[in-house]
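**Student:** The amino acid sequence is not available; the structure is as follows:
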């Protein structure tokens, strides 16, 4: 099991709160921080945001890059697809 720094987990939690409020710009900022720190859930969420163009420019290439990073860590939501 991968141990993540507390700041990555905190950034993911904050990003998800913004995502639920549909404040996509803020969500992307926090999720990006967590994803770059290795949080697979954040990587998966960023893949979805890039795939749907929410808070970022629509970009399938970037979406796939984030999905692959999450899949490489066996993230269940991405690994099964």
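**Tutor:** Sure thing, it's come through. Small disclaimer: the values here were computed from a predicted structure and weren't measured.
**Student:** list the contacts for residue 11?
**Tutor:** Listed by C-beta atoms under 8 Å, 6 or more residues apart in numbering, the contact partners of residue 11 are 30-31, 33-34, 37, 39, 42. Glycine gets a C-beta too; all of them are placed from N, C-alpha and C.
**Student:** Tell me the gap between stretch 8-18 and the middle of its chain.
**Tutor:** 10 Å (C-alpha atoms, centre = their mean, to the nearest Å).
**Student:** Also stretch 24-40?
**Tutor:** Using C-alpha atoms, centre = their mean, the offset of stretch 24-40 from its chain centre is 5 Å.
**Student:** for stretch 38-49, same thing?
**Tutor:** That offset, for stretch 38-49, works out to 2 Å (C-alpha atoms, centre = their mean).
**Student:** Quick check: mean pLDDT of it?
**Tutor:** The average of the pLDDT scores along stretch 38-49 is 96.
**Student:** Report the secondary structure state of residue 57.
**Tutor:** Judged by DSSP: H, G, I helix; E, B strand; the rest coil, the three-state class of residue 57 is coil.
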